[in-house]
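K.L.:
Sequence and predicted model, in that order:
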Amino acid sequence: MVAGVSAVMELPDDAQRYPGLTPAGEQMLRFLREHPHAPIYRNASGHRLLPEELPQVLAFADAVRDASVDPRADLGQSWLRDYVGNAMRRVPHYRRYGSAPEQIADLPTVRRGDLARDVAAFVPDDQPLERLINFRTTGLTGQPLLIASHPQVAARYLAFHERALRRFGIELSSGPGDVGVMLVGWQQRCFTYVSVTPQRGECGLAKINLHEDDWRDAADRGPYIDALKPEVITGDPLSLAALLAIDFAHRPRAILSTSMTLLDGLRTALQARFDCPVLDVYSLNEAGPIAVFDPAVDAHVLLQPQMAIEILDGDGEPVSLGERGEITLTGGFNFCLPLLRYRTGDHAALELRDGEWVLAGLAGRAPVRFRTSGGDWINNIDVTHALKPFALPQYALLQAADGSLQFDVHGNHGAEIGAVEAALRAVLGAQSTLKIATHAEPCDKVVQYRSELPEGDQSLAAVAR
Amino acid sequence: MNQEGPPLEQLTRRLSETPAPFLAEPRVGKQGSVHVTALVADVLRAFGGSGDVDALKRFEMNDRAKERNPRMLTQILCWLLMDPALRGKIPANELLRLLFEEANALAEKVAAKEFVDSDERREELSRMALRSAGMRPAGESKNVAEDRWLAVSSRERTRLAAASRAAEERARAIREALERKAAEESADKWSRE
C-alpha cells in the first residue's frame, strides 16, 4: 500500500505537465478532452517545458533551420572533435576508452544491447537528474530499452520535423487556438493524452488511438478529427492505413510516417486521399529524426547538422562511400545520451546526391536473404521492391528451416491478395511453398523479415558478432 | 630500492617526450597501427628475456572497448622501460606484470595519455618503474623514496576509490531517476518511433 501511495504521489500534476499554461492553452486542453466526440484518453503527459527553457528550444530550431549537414565522420570537423572529446570526458562508458583518438574508427562501437544493459553509464556526469524523463521501447528485437531524455530534447523533435516539411514546401502555421499535430496509433493498448506545444503558441497536440476500443462510439473518430483539424498527422504506416478506413473530410497539410518501412503503395493512397505530402521519416528513439525520404533523390535526406554517420561492414569496418552497410551514428541532440559510434542495426549506403547527403536504399534491420524455389538467394530489399505497388501497412515474411515461406499482412489494406502473391512469387520463385495470411488486428511489433535457414538470417549473424 | 638509480627527472622527461608512434592506436582487426604483442616482445628481448608465446598472447586485443586504454598504457610503459638506466634491470616476470596487470589496473580509471600529460601521473609511473628495478631516484634516501612513492600512489588510489564510489552512487541515482513514475510519463514529441 505504501509503495502504491508513493507511486501516485510521484506523478506530476497539470502544473508540472504544462508549466506556464495560459488561459488559451487551458481552453485548448479542455477542447481536446471534453469534445463530445473525444476518445477515452487513458493517460496523461505534457511538454514539461519550463517557460525559461522555451527561448533555448526556439534558438535550437533556428539553428537547425538552415544549417548545412555534413555527416562525414571526420574529426577534422570541429563540432565532431569537440563532441567526441566531451563524451569521452563526461560519459562513464566512453571514459574507459581512454584518450581521444586521431580518427573516429579507432573507437569501439556501441550497440543497442550496451544501452539496454546499463543506460546509466551513458548519461553524462554533469547532467542534472531532477528533470530526467525516459522513453521506453522494446524495438523490433523485443529487447526492452530505456532511453534517458529531457523535456527540451523531446521539444527539439519539432525543429527536425519543420526542416523535413520545408523540403516539401510546408511552413507550419498552427498557433494559438489551432491543433498543431495529431499523433495517431492503432494498437490494442496505446499511450493516449492531450497537450499543447509552447513553441507554437500552445497549439493543441492529441495523441489518439484509432482502435475502436478507445472510443465510446467508433463513429466518433471521423467527427473528432474533423473538429480538431490538425495541421499535421503523424503515425506509423499501420496507423496511417487505419486512418484511410475512417470517413472524415479534414485534409492535414502534411502526414509524417515513422517507425516502419512506408511502401510506395500506401504513400500513394495517403497522398490521393488527403492531397498532401506524405513524409517517410527515419527516426530512432535513441537519436530522434535522422532523415526524410525525398522521391526527387530517391533516398532519405539527412536532417541533423550534428550527426556523423559511418557505414560499417559485417566486421565493423567502415566501407567506402556509396557502399551498403550498417548505419552507425555519432552525435545527435539528446544531451542526456551522447552517442559515439552507435550501431543502429539498420542498413543503407551514405551518398552525396544533388549536393545533399543521403541514406540510399534504407532498410530497417540487418539484411535477410531468402532462398528462391530455384535455389538462388535474394535480398529482403528485392521483396520490399516487389511489394512496393501495394498499400500494405504492416507485413512479415518468414522462411522456415524447410524453405517454406509464410507471409502475414496485418491491418487495413486495400490490396488484392492474389496480386500480392503473384508479386512475391515473381521474386521468390513460382514453385515456392508460400502461405499468405491476413489479420485485421494490428500487431504491436513485427519483425519484417526473418529466416530460419542458417545462411539466410544476416541479422542473427550480426548479433552473434 | 637498495640501489640508487637515475634522477627521477630523467624518467619523467622521457615520459613527457614519448614519441608519437608509442601513443598511436593499438592494432585490433584492421584498425590501429601498433602491434602491442610485437612491441612487448621487443622490450623483453632488450631486457635479455624471451617471453613465451602464452605470456605474449595476453597482449592481443579482442575487445577494443575494454582493452584500448590499458594497451595504450602498455605502449607508454614500453617506451619508459627502454630508458638506458632501466634496460636489463627488471626480471622478465616482473616486466610482464608491469606491462599487463599494472597497466590494466592503472588504466581502469585514468586515460593512458594522462601518464604523459600530467606531472603527478608521470612521477607515479617513473617511481613504479624504478621500484620494479629495485632502484630509487638519484639523490633520495630509501626512506624519502618510499615516502614519496606512497604519497604519489596512495593519493591517486584514494582519489580513484572516492571517484569509484561517487560513480556507483551516481549510476544508482540515474537508474532511480529514470524509473520514477514522473520520468515514465515522458514528454511531448510530435512523432513517436
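P.N.:
Looks like it arrived, so ask away. Numbering: from 1, shown residues only, chains lettered A, B, ... in the order given.

K.L.:
which residues does whichever residue of the stretch 201-350 of chain A sits closest to chain B form a beta bridge with?
P.N.:
Nearest to chain B, among the residues of the stretch 201-350 of chain A, is A:Thr234, at 4.1 Å (C-beta to the nearest C-beta). Every C-beta, even on glycine, is put in place using the N, C-alpha and C of the backbone. Under DSSP bridges, the beta-bridge partners of A:Thr234 are A:Leu183, A:Leu256.

K.L.:
Surely it and B:Trp190 touch.
P.N.:
Yes: with contact defined as C-beta atoms under 8 Å, A:Thr234 counts as touching B:Trp190 (6.2 Å).

K.L.:
list residues touching both of these two?
P.N.:
Common contacts of A:Thr234 and B:Trp190 (C-beta atoms under 8 Å, 6 or more residues apart in numbering or on different chains): A:Val181, A:Leu183, A:Leu256.

K.L.:
where along chain B do the strands fall?
P.N.:
For chain B, the strands defined by DSSP state E occupy B:3-4, B:135-136.

K.L.:
these two touch, right, B:Glu67 and B:Val28?
P.N.:
Yes: taking contacts as C-beta under 8 Å, B:Glu67 lies within contact range of B:Val28: 7.5 Å.

K.L.:
With neighbour numbers in mind, choose between these two.
P.N.:
Set side by side, B:Glu67 and B:Val28 show more neighbours around B:Glu67, with 21 against 18, by other C-beta atoms under 10 Å in any protein chain shown.

K.L.:
residue contacts, B:Glu25?
P.N.:
Counting by C-beta under 8 Å, 6+ apart, B:Glu25 makes contact with A:Pro101, A:Glu102, A:Asp106, B:Gln31, B:Gly32, B:Ser33, B:Val34, B:Arg68, B:Met72.

K.L.:
Okay, now the unreliable bits of the chain?
P.N.:
This is for chain A. Scanning chain A for pLDDT under 70 picks out A:1-10, A:138-144, A:364-367, A:381, A:442-446, A:456-465.

K.L.:
let's do chain B instead
P.N.:
B:51.

K.L.:
so where's the longest helix in it?
P.N.:
helix B:142-179 (DSSP state H).

K.L.:
what's that helix packed up against?
P.N.:
On a contact count with 3 or more C-beta pairs under 8 Å, 6 or more residues apart in numbering or on different chains; DSSP states H and E, helix B:142-179 meets helix A:92-95, strand A:145-149, helix B:119-132.

K.L.:
near chain B, anything from the next helix or strand after the second one?
P.N.:
Next in sequence after strand A:145-149, counting helices and strands by DSSP states H and E, comes helix A:151-167. Yes: using C-beta under 8 Å from any C-beta of the partner chain, helix A:151-167 reaches chain B at A:Pro151, A:Ala154, A:Ala155, A:Tyr157, A:Leu158, A:His161.

K.L.:
so the first one makes contact with A:Phe135?
P.N.:
No: contact status for A:Pro151 versus A:Phe135: not in contact, 11.8 Å apart, counting by C-beta under 8 Å.

K.L.:
quick one: contacts for the residue of chain B found nearest chain A?
P.N.:
Nearest to chain A in chain B, going by C-beta to the nearest C-beta, is B:Asn69, at a distance of 3.1 Å. Each residue near B:Asn69 by C-beta under 8 Å, 6+ apart is listed here: A:Arg96, A:Tyr97, A:Gly98, A:Ser99, B:Ala107, B:Ala111, B:Ala112.

K.L.:
Repeat that for A:Arg166.
P.N.:
Counting by C-beta under 8 Å, 6+ apart, A:Arg166 has contacts A:Arg65.

K.L.:
Tell me where chain A has helices.
P.N.:
For chain A, the helices defined by DSSP H occupy A:2-10, A:14-17, A:23-34, A:54-66, A:78-90, A:92-95, A:112-117, A:151-167, A:221-228, A:237-244, A:264-274, A:380-387, A:417-428, A:458-464.

K.L.:
Take these and lay them out in TSV including distance to B:Ala92.
P.N.:
Listed next are the helices of chain A as TSV, based on distance: least, C-beta to C-beta, whole Å:
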stretch	distance to B:Ala92
helix A:2-10	60
helix A:14-17	65
helix A:23-34	75
helix A:54-66	58
helix A:78-90	35
helix A:92-95	33
helix A:112-117	37
helix A:151-167	54
helix A:221-228	78
helix A:237-244	65
helix A:264-274	68
helix A:380-387	55
helix A:417-428	63
helix A:458-464	38
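
K.L.:
Quick check: which of these is buried the most?
P.N.:
Highest mean neighbour count among the helices of chain A (mean count of other C-beta atoms under 10 Å in any protein chain shown): helix A:237-244, with a mean of 25.

K.L.:
Relative to its centre, which residue of chain B is most distant?
P.N.:
The C-alpha centroid of chain B is most remote from B:Trp190, which lies 47.5 Å away (C-alpha atoms, centre = their mean).

K.L.:
from what I can see it touches A:Ser174, true?
P.N.:
No: assessed by C-beta under 8 Å, B:Trp190 is found out of contact with A:Ser174, at 11.0 Å.

K.L.:
which residues are common contacts for these two?
P.N.:
In contact with both B:Trp190 and A:Ser174: A:Gly180, A:Val181, A:Val232, using C-beta under 8 Å, 6+ apart.

K.L.:
Now rank these by neighbours and give me the top one.
P.N.:
A:Val181 (30 neighbours).

K.L.:
Show the contacting residues for that residue.
P.N.:
A:Ser174, A:Thr197, A:Leu205, A:Ala206, A:Pro230, A:Glu231, A:Val232, A:Ile233, A:Thr234, B:Trp190.

K.L.:
One more: A:Ala120?
P.N.:
Counting by C-beta under 8 Å, 6+ apart, A:Ala120 makes contact with A:Pro92, B:Arg170, B:Ala171, B:Arg172, B:Ile174, B:Arg175, B:Leu178.

K.L.:
and which of those residues is nearest A:Pro12?
P.N.:
Proximity of the contacts of A:Ala120 to A:Pro12 (C-beta to C-beta) peaks at B:Leu178, which lies at 15.1 Å.

K.L.:
That closest one: neighbour count?
P.N.:
22.

K.L.:
How about A:Ile170?
P.N.:
The burial count for A:Ile170: 18, using other C-beta under 10 Å.

K.L.:
That one: what's it in contact with?
P.N.:
So A:Ile170 contacts A:Arg253, A:Ala254, A:Pro277 (C-beta under 8 Å, 6+ apart).

K.L.:
before we move on, back to that, need the strands of chain B in a markdown table (columns: distance to A:Val297).
P.N.:
Below are the strands of chain B laid out as a markdown table (distance: least, C-beta to C-beta, whole Å):
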| stretch | distance to A:Val297 |
| --- | --- |
| strand B:3-4 | 72 |
| strand B:135-136 | 68 |
